[in-house]
Structure formats: C-alpha cells, structure tokens
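Participant: The sequence isn't on hand, but the structure is:
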C-alpha cells in the first residue's frame, strides 16, 4: 500500500464506515470483493490521476454485521446513503467481483450521483453454461489458486498467512449477501436497462471464479456498455494485471463526458 493512503471514518446513519483514500481529482469510489478491503496496485495507479476511495463494507474486516444487511440490495441502498453523507457527486463508481455486482445493484436503483460505472468481473448474474466457482466450498489454497491464471502469483500469495479472524468474518458477511442463490440475483438482468451512464465491463479471459461468458448478459442489458478483455488473466484483475487494468480504466474514464 502506498505511503500516501489515509484512512478516515464516515458516519452513515449511525454506522461507522472505514474508508481508505489517496490521490486527488475526479472521484473513483471502488467497492471491494468478497476477499475484503485491500488497497492494491491498481488503486495506487489510479490514485496518480484520480481521488480514489476504498470503503470497507459493513460486516467485513473486524466490524460487526449490521442486522439490516440481508442482501446485496440492502448494501446498495447503504452506499447511496454513504454518497449522500459524504457529499459525493459525479462519482466514477467501480467494483470488482462481489463489489462489481454491488456496483450494478447501486446503478439500477439510482444513477443521479454517478458519472460512470466500471464493472470488473462482476458476480450477480449466473450463466448456465459457465457456472461460478463455489467459494464457500474452497479452502484457502483452492480459493487463492482460482484467483490467478499465473500460478506463480498464487504461490507467492500462499506464502503469506491469512488473518483467520478477518477471513472468517468476511466469509460470514459474504454468506449474508450471496449464499442463496450463490453470488447472483435472478432479477438483476431485468433491471440492467436502468443503468444510463457510460459503463465499462472488464474481464480476465481465464477467469475461473466468475467465468468470462458471464459478461454476455451484462453487455446485452446495459445500453452504454463497453466490453474490454485482458488476456492471460484470471479473476484477480487488480492483482494479476494492475497496470493493464489501470490503463483500460483510465482510457475509459478519459472518454466519459462531464
């Protein structure tokens, strides 16, 4: 994590939300995936040109799961309140995996505070011919290996012991959001037409968690969707190909009109 990343606490209707941030300029609000809130090389690169905010979802890390959080839809409404509490407007909303699904759920509800939408290998829509991997059944090694196309990166990641308390807390929170049906909302495809902002879809072609074929309903459902692919890349786009992902996102954002 870069030295210039700071952490603050934002009060959202009585809930204290931890938010990391760095950079200046137009705001990117980045929503993390099921693995938790981790500042990555992708965010370091984006923060050289943008103000990047990375909140830790309620119930993740060392925070308690709030009683009201029973679905990704609940979390979407919470983040709309967060944007109001933080006085955010013209936001470039982005998210990866679970966070990408959450980004889509926010955007189908209300885009008035958004300038663009970026979905990085989002969960949320199951495709019969390309089923999701079941993260609830995988152990730590299986989950880590599934994140990467380049297994040398997986091996390196496996040398770092996880914080088991945080890992279990994150899994508990994810179970609230994505247990049944697994990591999807069957109603979501019907409402994607409500996303009326420029939208980037970014996928690793070798994704084994949320397979590449899952981009099709998103591409078909969002009128202003632009699809980009990173070859020789798995699910963890932000960790496996941070420079390539940052270049794609920056090019997309530079074309978004104010």
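Facilitator: Yep, that arrived. Computed from a prediction, not measured in an experiment: that's the story for all the values here.
Participant: gap between residue 198 and residue 8?
Facilitator: Residue 198 is 29 Å from residue 8, where distance means Cβ to Cβ, to the nearest Å. Every C-beta, even on glycine, is put in place using the N, C-alpha and C of the backbone.
Participant: now swap in residue 69 and tell me
Facilitator: Separation of residue 69 from residue 8 (Cβ to Cβ) stands at 21 Å.
Participant: circling back: the more surrounded of residue 198 and residue 8?
Facilitator: Shown here are residue 198 and residue 8; by other Cβ atoms under 10 Å, residue 198 has more neighbours (21 against 11).
Participant: Isn't that one up against residue 114?
Facilitator: No: with contact defined as Cβ atoms under 8 Å, residue 198 does not count as touching residue 114 (9.6 Å).
Participant: Give me the number of neighbouring residues for residue 178.
Facilitator: Residue 178 has 22 neighbours, counted by other Cβ under 10 Å.
Participant: before we move on, what about residue 69?
Facilitator: Using other Cβ under 10 Å, residue 69 is surrounded by 17 other residues.
Participant: so the residue nearest to residue 122 when sequence neighbours are not counted is in which element?
Facilitator: Using Cβ to Cβ, 6 or more residues apart in numbering and skipping residues adjacent in sequence, the residue nearest residue 122 is residue 100, 2.7 Å away. Here residue 100, judged by DSSP states H and E, is contained in helix 98-109.
Participant: Centre of the chain to that helix, how far?
Facilitator: Centroid displacement of helix 98-109 relative to its chain, using Cα atoms, centre = their mean, to the nearest Å, is 9 Å.
Participant: Ok, stretch 148-157 next?
Facilitator: 20 Å.
Participant: In the protein, where is pLDDT below threshold?
Facilitator: 1-3, 258 (pLDDT under 70).
Participant: now the farthest one out in it, which residue is it?
Facilitator: No residue in the chain sits farther from the centre than residue 159, which is 24.7 Å out by Cα atoms, centre = their mean.
Participant: would you say residue 54 is within a helix?
Facilitator: No: judged by DSSP: H, G, I helix; E, B strand; the rest coil, residue 54 forms no part of a helix; its state is strand.
Participant: mind listing what it touches?
Facilitator: Counting by Cβ atoms under 8 Å, 6 or more residues apart in numbering, residue 54 touches 19-21, 30, 32, 37, 39, 43.
Participant: ok so, going back, what about the residue nearest to residue 122, how many residues nearby?
Facilitator: 26.
Participant: Can you tell me the SS state at residue 112?
Facilitator: Following three-state DSSP, we place residue 112 in the coil state.
Participant: So what's the residue count around it?
Facilitator: Using other Cβ under 10 Å, residue 112 has 8 neighbouring residues.
Participant: List the contacts of stretch 66-81.
Facilitator: By Cβ under 8 Å, 6+ apart, the residues outside stretch 66-81 that reach it are 12-13, 15, 29, 31, 55, 57-59, 98, 101-102, 105-106, 109-110, 113, 124, 173, 176-178, 185.
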